[in-house]
Each structure stands twice: as structure tokens, then as C-alpha cells.
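S.K.: would you be able to build a 3D model of this:
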Amino acid sequence: MSNVFVSIIIVTTGRKDYLEPCLESLKAQVNTTQEVNIIYTLPENISYCEALNRGIAKSKADYILCLNDDVRLDKNFINEALVGFSINENIGMVSGKILRRDGVTIDSTGLFLTPWRTAKERGYNVLDKGQYQKEEYVFGVNGAVAFYRRKMLEDIKMGLEYFDNDFRFFYEDLDISWRAQRHGWKAYYMPKAVAYHVRGGTARKQEGLYKKRAFRYLVNDDLQIDLIKNRYLAMIKNESLLGFIFHMPFILIYDIALYAFLLCYKPRLFKNIFLNMRYFKSAFRKRKICSQ
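M.R.: Next up, the predicted model:
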């Protein structure tokens, strides 16, 4: 699928040390025709999901690559990733091999749904020794480097929203992957499509970059609330009744551990968690829209 027209959406706060290398890696792509839409979250202070929705609405191509600004692509990334879409018409998402900036540590080789109903990045934080060199189906794609088929996005959107604006930040990639799976779409992993990502570059404090549990300590309260509430929103919108019953013990174990942590270290968040329950009603409404 060489020389296919691709729309690229980059969400950025305007940090030149991230954005410029990202754009340079796009210029270096081999044999591709691109349109690039750069969506700034500042000064309007729009959310990550809103920014993506604006970019997709402006785009024209049949294939849409959503990027964080802290990502650089190998020169063959787009060509290699596009091959994944040609394998089956039901493939609506393609993941490449996402490495850290050191080039040897894995950031993600595909997104998966855990029994705790959290998002798991396969291979996260382990050294790349060629253990994920097989092309194969995965559950979903990491939001930092997410390649979508437009037909899929149009099929699963909710009104004017492709990504759920209520999520703002975090879990939006799991939600859209889960929603797509429910509509019969699949995700595929292409290991020769390589990208490099600064894990947490757009959300964490500098001392929290790459650290496994840094979200618990080194992001602000609003982002932590998003991280907590969005897991529930994803379940409300996408989980089946049978799936919810089967996974209830795992969900409870996770929640007990989570709220024990908050009680010990961040009790101030409980009030905001309660206030954010207003989003649950919206999630049930959107579930009905997605089921139509």
C-alpha cells in the first residue's frame, strides 16, 4: 500500500523539543503522501480528546494517524503500518512497535484489556530482544501512535465525537479500541512499523518520565481523577453484563487497592471522584448510541 494518502493528527502543547523532532520524522517518511493537522491544546486549554476530534473532523484521508508530539517515527513507519490494513477489511486499527527514545526498551506492542478492566501495554518497560516480531491481532492500539481506518471511526462515532470528550485524557485509546471490537472491527500489530515515544512526556513531571507508577504520584489531581473515572466510563460504555459478572472479583480487588492508596496518600481526591460521577449518566447514554 505504498503512496497512500494519510491524514496525520498531532496533539501538542507547543513544546519545540518534542514537536520539531516529530515533524522532522514525518518529513523523512518514505514514499507517502500526507496532510498534517497540528492541534494545540493551549491557549484554549481544550482536552486531548477534543483536540483529536477537531483534527479528525478536518482530515480528508481514508487512513488517519493520531500522534502525540513526543513521538518520532522510523522513516518506514507509515508504509509498514499501512500493510496491516490490507490484510483484512475488518482491520480498523494498526499498532506498530513503539520503543522508548533509547531504542531498546519497549513502550508498547499492542494494547490489551486486563481482567481488572484496565489497559495493558504489551511488552511495557522490557528490553526489546525480538520477542514481539510476529505480525498478529491485538486488542487495540496505543493512543500515542494510533493508526485508524476512517471507515471504522465513522462507524463507531457518537454523534460528532470519535473520541469521547468526557474522557479528556487517559483511557481514550482503550475506549475506542473496545468500542471498535464491539462493532466487529479488529486491531493488528506490525512489528516492522517502529516508533519512538517519550512515555509520559505530555502529562508527567520531568522526574516521572518512564517510571512505572509515576501517574500515582507525579501528575496533577485533575489528571488523576481522569485516570480513575475513565476506567469506569470505559466499562459502562463497553462491558457486557456477562463480562461484568465474570470480572467482578478482579474489579473489586483493583478498586479496594486503589481506594486504600487514595485514603492513605490522597484523601483530598475523594470529593472530586464523587463529583465526577455525573459523567456516568452520559456514559450510559453513549452506550445506547453505540449499540444502535
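S.K.: right, and Leu269 touches Leu262 too?
M.R.: Yes - in this structure Leu269 lies within contact range of Leu262 using C-beta atoms under 8 Å: 5.6 Å. For every residue, glycine as well, the C-beta is placed using N, CA and C.
S.K.: look up the closest residue to Gly140, ignoring the ones flanking it.
M.R.: Ser177 (2.4 Å; C-beta to C-beta, 6 or more residues apart in numbering).
S.K.: isn't Phe85 right next to Met93, touching?
M.R.: No - the pair Phe85 and Met93 fails to qualify as a contact (C-beta under 8 Å) at a distance of 9.0 Å.
S.K.: who has more neighbours out of those two?
M.R.: Comparing Phe85 with Met93 by neighbour count (other C-beta atoms under 10 Å), the higher total belongs to Met93, at 28 against 22.
S.K.: what sits against the closest residue to Glu239 other than its chain neighbours?
M.R.: Closest residue to Glu239 apart from its sequence neighbours, by C-beta to C-beta, 6+ apart: Arg117 at 7.0 Å. Residues counted as contacts of Arg117 (C-beta atoms under 8 Å, 6 or more residues apart in numbering) are Arg231, Ala234, Met235, Glu239, His247, Phe250, Ile251, Tyr254.
S.K.: narrow those to those in helices?
M.R.: The helices, defined by DSSP state H, take in Arg231, Ala234, Met235, His247, Phe250, Ile251, Tyr254 from these.
S.K.: I'd like to know which of the residues you listed are buried.
M.R.: Among the ones in helices among the contacts of Arg117, those classed as buried by 16 or more other C-beta atoms under 10 Å are Arg231, Ala234, Met235, His247, Ile251, Tyr254.
S.K.: what is the nearest of these to Gly143?
M.R.: Ala234 (12.6 Å; C-beta to C-beta).
S.K.: what about that closest one, distance to Leu275?
M.R.: Remark: distance between Ala234 and Leu275 (C-beta to C-beta, to the nearest Å) = 19 Å.
S.K.: cool, and Arg287?
M.R.: Counting by C-beta to C-beta - Arg287 and Leu275 are separated by 21 Å.
S.K.: comparing these two, which residue is more hemmed in?
M.R.: Arg287 (17 against 11).
S.K.: who does the helix or strand where that one lies touch, helix- and strand-wise?
M.R.: Here Arg287 sits within helix 278-291, counting by DSSP states H and E. If you count contacts as 3 or more C-beta pairs under 8 Å, 6 or more residues apart in numbering; DSSP states H and E, helix 278-291 packs onto helix 221-238.
S.K.: got the contact list for the helix it packs on?
M.R.: Counting by C-beta under 8 Å, 6+ apart, 117-118, 164, 166-172, 174-175, 178-179, 182, 203, 215-216, 219, 244, 251, 258, 266, 268-269, 272-273, 276-277, 279-280, 283-284, 286-287, 290 sit against helix 221-238.
S.K.: ok, of the residues you listed, which come out buried?
M.R.: In the contacts of helix 221-238, the ones that pass as buried (16+ other C-beta under 10 Å) are 117-118, 164, 166-172, 174-175, 178-179, 182, 203, 215-216, 219, 251, 269, 276, 279, 283, 286-287, 290.
S.K.: residue ranges with poor pLDDT in the protein?
M.R.: Residue ranges of the chain with pLDDT under 70: 1-2, 201-219, 292.
S.K.: show me where the stretch 101-250 of the chain has its strands.
M.R.: Taking DSSP state E, counting those that start in this stretch as the criterion, the stretch 101-250 of the chain carries its strands at 106-108, 111-113, 119-121, 136-138, 145-149, 186-197.
S.K.: mean neighbour count added to those, as a markdown table?
M.R.: Formatted as a markdown table, the strands of the stretch 101-250 of the chain follow (neighbours: other C-beta atoms under 10 Å):
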| stretch | mean neighbour count |
| --- | --- |
| strand 106-108 | 25 |
| strand 111-113 | 20 |
| strand 119-121 | 20 |
| strand 136-138 | 15 |
| strand 145-149 | 26 |
| strand 186-197 | 22 |
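S.K.: reformat those as a markdown table; add distance to Leu65.
M.R.: Listed next are the strands of the stretch 101-250 of the chain as a markdown table, based on distance: least, C-beta to C-beta, whole Å:
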| stretch | distance to Leu65 |
| --- | --- |
| strand 106-108 | 15 |
| strand 111-113 | 16 |
| strand 119-121 | 18 |
| strand 136-138 | 17 |
| strand 145-149 | 5 |
| strand 186-197 | 10 |
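S.K.: domain-wise, how is the protein divided?
M.R.: The chain breaks down into these domains under automatic domain parsing: 5-197, 215-291.
S.K.: single out the most deeply packed of those domains.
M.R.: Mean neighbour count (mean count of other C-beta atoms under 10 Å) peaks for domain 5-197 among the domains of the chain, with a mean of 19.
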